[in-house]
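**Q** one predicted model, sequence on top.
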Amino acid sequence: MEYLSLIPATALGYLTFRVTTHPTSRIRRKLPHLKTGRIQFLPVLRFKVFGRVIHLHHWISFSIVLGLSFFISLGVVDYIVTKGILLGGIIHGLTVPKANRRIIYKNYSLEKLITLEKNISRD
């Protein structure tokens with residue numbers, strides 16, 4: 001019976017990430033661009049390493065956390081609602097077009113990547 005709460009939590013996670021992670025969303029545009037050195041924290045998580053930019057998508061990190069939660073007790077992640085929200089975020093990330101799921105970018109500055117995302121979303 002507890003697993004019935006997984007369905008609404010998954011839907012909530014999917015809709016939340018659909019609204020907040022799109023490059024043109026009002027919520028994402030209002031987030032500050034926090035960057036220190038080679039790491040950008042907000043609105044996305046990116047690392048610059050060896051002339052390449054590695055973009056850690058939310059669905060990748062959620063997959064890791066959800067996978068670990070089945071083997072290790074992680075506090076709040078043990079709740080079925082939290083697992084549903086993580087699952088919704090993973091489903092959302094995998095349903096975006098493949099061109100937007102790139103993980104490694106060649107030799108771009110982070111500022112160019114931000115403007116590239118805006119140009120891609122307009123097409």
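**A** Noted; the coordinates are in hand.

**Q** quick one, helices of this structure?
**A** Taking DSSP state H as the test, the helices found in the chain are 6-20, 26-30, 58-69, 80-95, 110-122.

**Q** isn't Val76 right next to Leu86, touching?
**A** No. Counting by CB atoms under 8 Å, Leu86 is not a contact partner of Val76; they are 10.9 Å apart. All C-beta spots, glycine's among them, are computed from the backbone N, C-alpha and C.

**Q** which one's more surrounded, these two?
**A** Using other CB atoms under 10 Å, the more surrounded residue of Val76 and Leu86 is Leu86, with 24 against 8.

**Q** and that one, how far is that from Ala99?
**A** Counting by CB to CB, to the nearest Å, the separation of Leu86 from Ala99 is 24 Å.

**Q** what do you get for Leu34?
**A** Taking CB to CB, one finds Leu34 at 26 Å from Ala99.

**Q** count the neighbours of Gly88 for me.
**A** Counted with other CB under 10 Å, Gly88 comes out at 24.

**Q** equivalent analysis for Thr16, please.
**A** Neighbours of Thr16 using other CB under 10 Å come to 15.

**Q** pLDDT wise, what is the most centrally placed residue in the chain at?
**A** Among the residues of the chain, the one closest to the centroid is His58, at 2.0 Å (CA atoms, centre = their mean). Listed pLDDT for His58 reads 93.
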